[in-house]
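1. next comes the sequence, and after it the predicted model I'd like to discuss.
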Amino acid sequence: MSQYWIKGKFKDQDVWVHSDEHGVPVVDKGYIQVRYSGNSTKIYRGHHKNLNHTATDTPPVRVDMPETLPEATPIQKIAAVDKSKPTPPITPARPGSIVLFTDGACSGNPGPAGLGVLMQDGDSKRELSGYLGMATNNIAELDAIRRGLKMIGDKTRPVDLYTDSNYAIGVLTKGWKAKANTELVEEIRDLLEDFRNIRFHWVRGHMGHDGNERADELARMAIEKRETREFES
């Protein structure tokens, strides 16, 4: 039998994701199926919320699979974070800087999407949980950064921005050519020109970093509630 598969990342690991012929992941009762190599017939089953993104700029690959496949193994058994190990360190924010943690989430890709922003300035904190409607994961990641930047009033202050999206860092700071979402990318690039001292930091997602975990929680809250909310303390 033939199935369609598309490259993606599940819990920041490179995988092949079972999709339809258009490259949209097949979600069954909240779960997707993945393989860890293109020629493997071993299939794993995991919750779709842990799908970081799929390759929207490449077509899905049609694969001839055996007529009878074993029942998919729960992916949590092999991909769960080892809580006994210490959380890997991230680059510390500079003293006196405004700190932004941003994240995007998508239920399916594309699918209902949300963004989360945590902004910390000394002892004060602002949070944004934003519902985007139907969008891709990359759009959610980029829009989280856009909305986070707009939350900052004094653009002369140093800013340390943390994101788990290599894609966003690439198209915004490394000169990667944006093959999609070009208007959104250009808008963010224009916003960045107003900041005098901003640094982007990549943080591995789902590894226990408080700021990143909270931004992820805010993004998923927006999807679940289908609403946008702000919090301040």
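-> All right, it came through fine. Numbering: from 1, shown residues only.
2. from here on, just use CA atoms for contacts and neighbour counts.
-> Will do.
3. low-confidence regions, the chain specifically.
-> 1, 12, 38-41, 56-57, 67-86 (pLDDT under 70).
4. pull the longest helix from the protein.
-> Longest helix in the chain by number of residues, with DSSP state H as the criterion: helix 210-225.
5. now that one: how far from the chain's centre is it?
-> Between the centre of helix 210-225 and the centre of its chain there are 11 Å (C-alpha atoms, centre = their mean, to the nearest Å).
6. same check, this time on stretch 208-215
-> When C-alpha coordinates are averaged (C-alpha atoms, centre = their mean), stretch 208-215 and its chain have centres 12 Å apart.
7. what sits up against that stretch?
-> Residues from elsewhere that reach stretch 208-215 (C-alpha atoms under 8 Å, 6 or more residues apart in numbering): 87, 101-103, 115-118, 162-164, 203, 205-206.
8. hmm, 6 Å instead?
-> Contact with stretch 208-215 is made by 87, 101-103, 116-118, as judged by C-alpha atoms under 6 Å, 6 or more residues apart in numbering.
9. what number of residues lie near Ile152?
-> 16 (other C-alpha atoms under 10 Å).
10. over to the one 3 residues further on?
-> Applying the criterion other C-alpha under 10 Å, we find 18 residues in the vicinity of Lys155.
11. distance of it relative to Gly96?
-> 13 Å (C-alpha to C-alpha, to the nearest Å).
12. and what of Pro89?
-> On the measure of C-alpha to C-alpha, Pro89 and Gly96 end up 20 Å apart.
13. same deal with Asn138?
-> Distance from Asn138 to Gly96, counting by C-alpha to C-alpha: 30 Å.
14. now Ala144: which helix or strand?
-> helix 137-150 (DSSP states H and E).
15. domain boundaries for the protein, per the record?
-> Following automatic domain parsing, one gets these domains for the chain: 2-79, 98-232.
16. the shortest one: how far from the chain's middle?
-> Centroid separation between domain 2-79 and its chain, computed with C-alpha atoms, centre = their mean, is 17 Å.
17. one more: the longest one?
-> Its chain's C-alpha centre lies 9 Å from the corresponding centre of domain 98-232 when counted by C-alpha atoms, centre = their mean.
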